[in-house]
Structures are given as structure tokens and as C-alpha cells.
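need a structure here:
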Amino acid sequence: MPGNTSYLQPPVPADARNSTLVAPHIPTLHRLLYRLLSHPDDAADLVQDTLLTAYQKMGSFRGESAFGTWLYTIASRKGLDLLRQRKRWPKEAQLVGEERALASPEVMAGMDIIIKDDAFRYEYRQHVAYCFSCVAQSLEAELSTALMLRELAQLENREAATIMGLSESQFRHRVRQGRETIQERFDGLCALVSKEGVCYQCNNLREYCAEERRGPAITPIAAVDDAAETKLDRRLQLVREADLEAGPGHEIHAYLFRFMHSLWA
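Prediction:
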């Protein structure tokens, strides 16, 4: 599985990373890029690349938008460029990934090491966030980027459209397309929202953990007969609340992201 490639990037000057102007935005940039790219190493690399670009172009910042928006624009466009270069994952990626992982003694041994660590606690809401990012990898790059900016980062349409270099109407259209596509895929995949859902991965992973490390019991995201929009909105609320990047179970999802990317490199 791919490892961290940060050493390939030029170092970011300490004053660029630690300045009072930049430092408050770093966690938010990392969160966006981690969810957008579904890969911890790529996210870390692009945060560093974003800071380096911002440092080099600081003289061109004219204050026509908020500084955070300017950083978000640099990061999002770098993320979008990387997504465009990648193969999009198949709709059934989650199911294929689980099947391949279970068939690989090496992958399962790596998981065992993580979940037997004393600090590890499984959190199914983190897995819902992980799953959302995985399914987003099956969408067109522009749709997944629009969804992350609007639904995860909760930027206003005007600001997010500016970041993507689109008009507001173009941006809203991409968000609408992204929502319709992703909710359709969850309706046919996720057992937490659909009678026809075939994926119980969040529960299977929880049961694989030792009882004292399983975290809270899993409850359905929404009623089966709720409207599709309601199901998606409730999932998105969990996705926004989950600490996928640094929560007590984050290492298992970083491991699984790397494994999933190795399948569709």
C-alpha cells in the first residue's frame, strides 16, 4: 500500500506554517482535503503544497476575498486537479474492498495490529464518514468537490462557486447532481437506510473488534420509508460531526483508505 510521500515536496518555511494568518486554517484545510481525496498521505501532501503555494504567492493576495477563502481556493483546485487524474472508483467499491480485505491475510494482520492497540476505539459514525468519502470517489471529480465544499465545509454557494471558478448557478447544478447521484447509490448500498441495502460493513467491522473497543451500538441513520433527501441529510449530519481525521478510531480508516486506493491505483 502507498506510504507517505511528503518527503518529495519542498519544505514549507516555518513562518508560513506558523504565522497567525495561516495556522488557524490548517486543520480546516486538512479536513477538507482528507475527505475529498480519501487518502491521508495525499491530504497531508496537498496541505503542505497549498501552504507553499500561498507563501510563494502571498504578494498577489489583494484582499478581494477573505484570506481563508483564498487558501481554500488554492487547496480545492489542487485537490480537484488530483481527482481528475485518478480513476473513479466503481459504485460497488465498498463491497469489493471488503471482499478483497477478508481474502488477504496481510491486510487482516495489519488491521489486527491497529484494533488491538489499547488506544483504539471503534466509532461507527467515523465509519459513516469514511463510507461517504469512499462513495464520493465514484462521482465525477467536479461533483464530489462541489459536495464537499457545500455539504461538508458548508460554504455559501457564492463562496464555493468562486473557489471552483464557476457561476453560482453552475455550482448549484453540480451540488444538485452530486446529491442525487450519491443518495441513489446509498439507497442501493447502505443497509442503514434501505431495505435493499446490501452493505453491513460498519456493523461487520464493529463486530470484528473486541467487545470493549466496539464503541456505541449502531442505529439506523433514518427510517426506511423516509424521503431520500431526509436520509441523505441525516447522513451528512453524521459525516460533518465525525472526527474521521483524529478520533479514537481514525487509524483503521486511514489504513482502509490506503488499501482501497491500492485497488484502483
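
what's around the closest residue to residue 117 other than its chain neighbours, how many residues?
Leaving aside its sequence neighbours, residue 117 sits nearest to residue 251 (C-beta to C-beta, 6 or more residues apart in numbering; 7.7 Å). (Each C-beta comes from the backbone N, C-alpha and C, glycine too.) A count of nearby residues for residue 251, using other C-beta atoms under 10 Å, gives 18.

who does the helix or strand containing residue 251 touch, helix- and strand-wise?
Here residue 251, judged by DSSP states H and E, is contained in helix 250-263. Helix 250-263 sits against helix 40-56, helix 93-102, helix 105-115, helix 124-136, with contacts defined as 3 or more C-beta pairs under 8 Å, 6 or more residues apart in numbering; DSSP states H and E.

so which of those is the most packed in?
Neighbour counts (mean count of other C-beta atoms under 10 Å) averaged over each of the helices and strands packed on helix 250-263 peak at helix 124-136, with a mean of 24.

What average pLDDT does it get?
Helix 124-136 comes out with an average pLDDT of 95.

ditto for stretch 153-169
Rounded mean pLDDT across stretch 153-169 is 94.

Over to stretch 249-265?
95.

can you check stretch 185-197 too?
For stretch 185-197, mean pLDDT rounds to 88.

Stretch 29-37 now?
96.

rewinding a little: what about the residue nearest to residue 117, distance to residue 126?
Computed as C-beta to C-beta, to the nearest Å, the residue 251 to residue 126 distance reads 11 Å.

Ok, residue 264 next?
22 Å.

same deal with residue 195?
From residue 195 over to residue 126 (counting by C-beta to C-beta), the distance is 25 Å.

Outside of stretch 95-114 itself, list whatever touches it.
Applying C-beta atoms under 8 Å, 6 or more residues apart in numbering, the external contacts of stretch 95-114 come out as 90, 120, 134, 189, 198-199, 201, 204, 208, 251-252, 255-256, 259-260, 263.

returning to what we had before: export the helices and strands packed on helix 250-263 to JSON lines and tack on distance to residue 235?
JSON lines is the format used below for the helices and strands packed on helix 250-263 (distance: least, C-beta to C-beta, whole Å):
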{"stretch": "helix 40-56", "distance to residue 235": "21"}
{"stretch": "helix 93-102", "distance to residue 235": "14"}
{"stretch": "helix 105-115", "distance to residue 235": "24"}
{"stretch": "helix 124-136", "distance to residue 235": "6"}
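
Show me the one of those that comes nearest residue 176.
Taking C-beta to C-beta, helix 124-136 is the member of those nearest to residue 176, at 15.2 Å.

Can I get the helix or strand just after the closest one in CSV? Just the C-alpha atoms.
Once the chain leaves helix 124-136, the next helix or strand it forms, by DSSP H and E, is helix 141-147. The C-alpha trace of helix 141-147 is given here as CSV (Å, rounded to 0.1, in the frame of the first residue of the first chain):
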residue,chain,number,x,y,z
ALA,A,141,-14.5,14.9,-9.7
GLU,A,142,-16.4,18.2,-10.1
LEU,A,143,-19.5,16.7,-8.4
SER,A,144,-17.6,15.3,-5.4
THR,A,145,-15.7,18.6,-5.0
ALA,A,146,-18.9,20.7,-5.1
LEU,A,147,-20.5,18.3,-2.5
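
what's helix 141-147 packed up against?
Judged by 3+ C-beta pairs under 8 Å, 6+ apart, helix 141-147 is in contact with helix 67-85, helix 157-164, helix 168-187.

Tabulate those (a markdown table), appending mean neighbour count and distance to residue 53.
Output for the helices and strands packed on helix 141-147, formatted as a markdown table (neighbours: other C-beta atoms under 10 Å; distance: least, C-beta to C-beta, whole Å):
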| stretch | mean neighbour count | distance to residue 53 |
| --- | --- | --- |
| helix 67-85 | 19 | 5 |
| helix 157-164 | 20 | 14 |
| helix 168-187 | 17 | 23 |
